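Q: After the sequence you'll find the predicted model.
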Amino acid sequence: MTSKGGKDVFIRLAKPDGSILMNESSSFFNFQGKEIAYSAKKSINYDGKAQNTVIYVISREVLNPGQYSADIFVEGKKIGTVYSNLD
């Protein structure tokens, strides 16, 4: 369990070829001692209860069909992965 307060949530969106979708607001964060790229970031105020949030990944590139995965990170930990197919 994590403490209440401000948290940065990072989304790392992988394209079908495995490369990370980045844009002009993307940057890097520390995960397991390495600086890795992220696709989007949102700051939230965690109040100790489950909450829904939306994080938009903005891209100017054409997204090709295939399977995309979004890894979700908070406080240096990977907390989940979501998969989606783009047809």
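A: Yes, it's here. Residues are numbered from 1 along each chain as shown.
Q: Just list whatever residues bridge to Ser77.
A: I think there's a mix-up here, since residue 77 is Lys and not Ser. When assigned by DSSP bridges, Lys77 has beta-bridge partners Val74.
Q: mind listing the strands for this protein?
A: Per DSSP state E, the chain carries strands over the ranges 5-14, 28-31, 34-37, 40-46, 66-74, 77-86.
Q: how far off strand 66-74 does the last one point, in degrees?
A: Same thing as strand 77-86. Between strand 77-86 and strand 66-74, the angle comes out at 160 degrees (axes from the mean of the first three to the mean of the last three Cα atoms, to 10 degrees).
Q: ok, back up a step: in JSON lines: the strands of the chain, plus mean neighbour count and mean pLDDT.
A: Any C-beta I mention is one placed from the backbone N, CA and C, and that applies to glycine too. Below are the strands of the chain laid out as JSON lines (neighbours: other Cβ atoms under 10 Å; pLDDT from 0 to 100):
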{"stretch": "strand 5-14", "mean neighbour count": "17", "mean pLDDT": "96"}
{"stretch": "strand 28-31", "mean neighbour count": "13", "mean pLDDT": "94"}
{"stretch": "strand 34-37", "mean neighbour count": "12", "mean pLDDT": "94"}
{"stretch": "strand 40-46", "mean neighbour count": "14", "mean pLDDT": "94"}
{"stretch": "strand 66-74", "mean neighbour count": "16", "mean pLDDT": "97"}
{"stretch": "strand 77-86", "mean neighbour count": "10", "mean pLDDT": "95"}
